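In: sharing a sequence plus its predicted fold:
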Amino acid sequence: MRGEMLWFNEIKDHGFIMTETGERLSVLGSGFAGGVRPVGRCAHAVVTFEINEGKTRQAENVVFETEVAPRRARLRHSRGVRG
């Protein structure tokens with residue numbers, strides 16, 4: 001099945017995938033094939049996966065089809081007067 005990553009929280013090791021049919025599936029860090037978890041921004045990255053029909057429907061064997069964008073530094077503005 002195909003879909004796209006909505007988000008993934010590296011600290012909680014948990015995220016969500018939107019399927020092509022519009023279903024929102026949970027994905028755990030252990031659900032990524034080869035242990036390749038996303039690092040940084042992964043929203044809208046295209047993935048393929050299988051659905052595990054356990055207590056809740058979860059994505060497993062998740063593989064990225066598109067490369068995940070590298071992490072970017074945040075732009076911080078100074079709060080002082082420029083002069």
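Out: Cool, the structure landed.

In: where does the prediction get shaky in this structure?
Out: Of all residues in the chain, those with pLDDT under 70 make up the ranges 66-83.

In: what are the ranges of the strands in it?
Out: Using DSSP state E, the strands of the chain run over 2-9, 14-19, 24-28, 46-53, 57-64.

In: helices or strands up against the last one?
Out: It stands for strand 57-64. Here strand 57-64 touches strand 24-28, strand 46-53, going by 3 or more CB pairs under 8 Å, 6 or more residues apart in numbering; DSSP states H and E. (Glycine included, C-beta is placed from N, CA and C.)

In: flag every buried residue along the shortest one.
Out: Spelled out, that is strand 24-28. Of all the residues in strand 24-28, those buried under the rule 16 or more other CB atoms under 10 Å are L25, V27, L28.

In: hang on, the earlier thing: how about the strands of the chain in a markdown table, adding distance to R37?
Out: Shown next, in a markdown table, are the strands of the chain (distance: least, CB to CB, whole Å):
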| stretch | distance to R37 |
| --- | --- |
| strand 2-9 | 7 |
| strand 14-19 | 9 |
| strand 24-28 | 10 |
| strand 46-53 | 12 |
| strand 57-64 | 9 |
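
In: which ones are touching A33?
Out: N61, V62, V63 (CB atoms under 8 Å, 6 or more residues apart in numbering).

In: same check on E65?
Out: R2, A45, V46, V47, T48.

In: look up how far E53 lies from the third one.
Out: Note on V46: its distance to E53, by CB to CB, to the nearest Å, is 23 Å.

In: of these two, which one has the most company?
Out: V46 (13 against 8; other CB atoms under 10 Å).

In: out of the contacts of A33, which are buried?
Out: V62.

In: nearest to L6 among the contacts of A33?
Out: Taking CB to CB as the measure, L6 sits nearest to V62 out of those, at 12.4 Å.
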